[in-house]
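Asks: sequence and predicted structure below; questions after.
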Amino acid sequence: MSVNISRDDVTIFPLSAKHNRASFNCTNHDLNDFLKNDALENQEQMVSRTYVCFYEKQLVGFYTLTTDIIEVKHIEQTHRWDEYKHKKYPAIKLARLSVDSRFERKGIGRLLLFAAVGIALDVSNYVGCRYITVDAKQEAIEFYEKHGFIIVEKTRTKNEPTLYLNIPTTVERMQPAESLDMLD
């Protein structure tokens, strides 16, 4: 049986050059390569921001955020279309989220997702940001749906379909302890 790692046992930092990323190894080569070779450069170019998660001084996961937009026509049709005054809405894109393979199924992915949602909630208090989007790897779709993300049907057959989370709905659903103080 796998034991979950608690929020109190991990520390999340914005990625910096001082963080040793060499030992990180998830099951996806592209995610390993991004963290080790591109994440810092993307930050320097102000394209994205990566956050790294440590447990007992080991790098166990990371996530990367950037900006995005979502078109109203892609939003689930159960919403009333006349409630939307714009054709496109601002979003925070969860560009990458990965857990070291040695720490899978211990709750790290959930902790990272809640930390990312916490940042999006915080950003939405300062600038327009209505949605969180993610282009999910096929093996991660179920994980995101379990946490309230909705798939954009038009993208379902793509290698990395787009999913989204409506921030106002999320605020109603989530408890503040899970979403807002993840980066203290």
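Replies: Thanks, I have the structure now.
Asks: residue 108 is in contact with residue 5, correct?
Replies: Yes. At 6.1 Å, residue 5 and residue 108 qualify as touching, with contact defined as C-beta atoms under 8 Å. No exception for glycine: its C-beta is placed from N, CA and C like everyone else's.
Asks: nearest the middle, which residue of the chain would you pick?
Replies: Centroid check for the chain by C-alpha atoms, centre = their mean gives residue 94 as the closest residue, at 3.7 Å.
Asks: distance check, it against residue 31.
Replies: To residue 31, residue 94 is 13 Å away according to C-beta to C-beta, to the nearest Å.
Asks: what does residue 53 give?
Replies: Applying C-beta to C-beta to residue 53 and residue 31 gives a distance of 14 Å.
Asks: check residue 133 too.
Replies: 18 Å.
Asks: cool, and residue 130?
Replies: Distance from residue 130 to residue 31, by C-beta to C-beta: 27 Å.
Asks: same thing with residue 61?
Replies: 10 Å.
Asks: tell me which of those two has more neighbours.
Replies: Set residue 61 next to residue 31 and count neighbours by other C-beta atoms under 10 Å: residue 61 wins out with 27 against 19.
Asks: which of the residues in the host helix or strand of that one are buried?
Replies: Residue 61 belongs to strand 58-71 when assigned by DSSP states H and E. Using 16 or more other C-beta atoms under 10 Å as the test for burial, strand 58-71 gives 59, 60, 61, 62, 63, 64, 65, 66, 68, 70.
Asks: what's the pLDDT at the residue lying closest to residue 128 once chain neighbours are set aside?
Replies: Among residues not flanking residue 128 along the chain, residue 90 sits closest, at 4.8 Å (C-beta to C-beta, 6 or more residues apart in numbering). According to the prediction, residue 90 has pLDDT 93.
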